[in-house]
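Novice: model the structure of this input:
(one chain, ligands or ions: 2)
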Amino acid sequence: MSIPIEAYIDPARYRAEVERLFKHLPLALALSLELPGPGSYRTMTVLGVPVLLVRGQDGDARAFLNTCRHRGALVCASERGSAKAFTCPYHAWTYDVSGKLLSRYSADTFGEVDHATHGLVALACVERAGLVWVCLTPGENFDIDLWLGDFAVQLGPLKLDQWHLFEQRELTGPGWKVALDGYLEAYHHNSLHGKTVGKFTVGNLLVLDTYGPHQRLTFGRKSLGELLEAPETDWDHSKHIRLIHNCFPNLSISGILGDHCLVSQIFPGTTPDVTVTRQTVLVHQNPTTPEARAASEMFSAMVLQAVRDEDYAVGQTIQSGLLAGANKEFLFGRNEPAVQNYHRTVARFMAPSNCDPQTK
Ligand code: FES
Ligand SMILES: [Fe+2]
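Specialist: Ligands and ions are numbered 1, 2, ... in the order given. Down below sits the predicted model:
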């Protein structure tokens, strides 16, 4: 398969695609475990949109524009924490964790305001499979069951809400499609990742299952060859494979070693040549011994190296080459079917006839 490099560099196309795919489809903005209890909150700016995620007293996760209804200041500046209410730093209007406008500083001098219509602006938000899904456009709704379809059955057993957050960081990377391409094939694992994640997986070997726009990649662990010696009745496949779940358009959940998991959320930047990736390292159990802690630190350092110093370092060279005009198109081999699917899915959503945000 080939696609013209305009798909990677054309600024107008980039703006249209980002608007369509990232502003109108459900995005997993956080893990449920990042909002552990009532009042837990998490703020972030996604594609320029200031978002406040907060778990209500009723246990439900909600999403709001993190913007004051008086004159628009950022209501909550802190990245994460727990609160009973949020007070705007500008004139101290105060909102509760369900977004309701609770009180206004010196309200009698200000005059009447209908509190019922001046709560924080809500974004559609639902939790499913241990993830908090949000649509970034106010007033737009989504059906998460329709969006995930059969993929929900694959995400469920990961039990993402039962892991523990070990580390979270943000990485600057190459453009959205250059970055994503690297998450969707094993062709580069021996050559680029020989010293990191490639030590644990069989390079250039992939079983792919697709679920509408979403994809599950199965890699073989290096131990896969041991099965050749064992009778098939004794095979325990879970020990010898590694699953990577990709939710369209920007989420990758990767179980690289049994007790560790890497969740990557790739967000396009303001121009086609840059992304910000939120990389979250999860541990099955919080390490209690120095050895366990060292193992988790090693995993975390390895995936940081693999993505920042290998994938994204090469991605930056691709990004420079794109503008040099050497390639008029990029090629995707038969061994890179998930990347092919990804680009086809982008094209399908951008087709003029496809105006329903949730159409698969
Ligand atoms: S802008 Fe928030 S209280 Fe004035
Ligand atoms: Fe990679």
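Novice: CA only for contacts and neighbour counts going forward, please
Specialist: OK.
Novice: report whether stretch 63-79 contacts ligand 1.
Specialist: Yes. Using Cα under 6 Å from any ligand atom, we find that stretch 63-79 touches ligand 1 at 68, 70-73.
Novice: what does that stretch contact?
Specialist: Contact partners of stretch 63-79, identified using Cα atoms under 8 Å, 6 or more residues apart in numbering, comprise 42-44, 49-54, 86-90, 93, 99, 118-125, 134.
Novice: buried ones among those?
Specialist: 42-44, 50-54, 86-88, 93, 99, 118-125, 134 (16 or more other Cα atoms under 10 Å).
Novice: which ones among those lie within strands?
Specialist: Under the assignment DSSP state E, the buried ones among the contacts of stretch 63-79 contribute 42-44, 50-54, 86-87, 122-123, 125, 134 to strands.
Novice: let's have the residues you listed in TSV, adding pLDDT and distance to L322.
Specialist: Shown next, in TSV, are these (pLDDT from 0 to 100; distance: Cα to Cα, whole Å):
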residue	pLDDT	distance to L322
R42	98	36
T43	98	34
M44	98	30
P50	98	31
V51	98	33
L52	99	36
L53	99	37
V54	98	41
F86	98	45
T87	98	46
A122	98	39
L123	98	36
C125	98	37
V134	98	33
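Novice: mind putting the residues you listed in JSON lines, distance to F349 included?
Specialist: Converted to JSON lines, those look like this (distance: Cα to Cα, whole Å):
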{"residue": "R42", "distance to F349": "30"}
{"residue": "T43", "distance to F349": "29"}
{"residue": "M44", "distance to F349": "26"}
{"residue": "P50", "distance to F349": "25"}
{"residue": "V51", "distance to F349": "25"}
{"residue": "L52", "distance to F349": "28"}
{"residue": "L53", "distance to F349": "27"}
{"residue": "V54", "distance to F349": "30"}
{"residue": "F86", "distance to F349": "38"}
{"residue": "T87", "distance to F349": "40"}
{"residue": "A122", "distance to F349": "25"}
{"residue": "L123", "distance to F349": "22"}
{"residue": "C125", "distance to F349": "22"}
{"residue": "V134", "distance to F349": "18"}
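Novice: of all the residues you listed, which two lie farthest apart?
Specialist: Within these, T87 and V134 form the most distant pair, 23.2 Å apart (Cα to Cα).
Novice: one step back: and which of the ones in strands among the buried ones among the contacts of stretch 63-79 is nearest to ligand 1?
Specialist: T87 (7.8 Å; Cα to the nearest ligand atom).
Novice: so, low pLDDT: which residues of this protein?
Specialist: Where the chain drops to pLDDT under 70, the residues are 256-257, 354-360.
Novice: all helices of it, in order?
Specialist: 6-9, 11-23, 107-110, 144-148, 151-155, 176-183, 189-192, 290-304, 312-324, 337-350 (DSSP state H).
Novice: of these, flag the one that's most buried.
Specialist: Mean neighbour counts were taken over those using mean count of other Cα atoms under 10 Å, and the top value, a mean of 22, falls to helix 176-183.
Novice: got the angle for that one vs helix 337-350?
Specialist: 150 degrees (axes from the mean of the first three to the mean of the last three Cα atoms, to 10 degrees).
Novice: how about the helices of the chain, which one is nearest ligand 1?
Specialist: When the helices of the chain are compared by Cα to the nearest ligand atom, helix 107-110 sits nearest ligand 1, at 10.9 Å.
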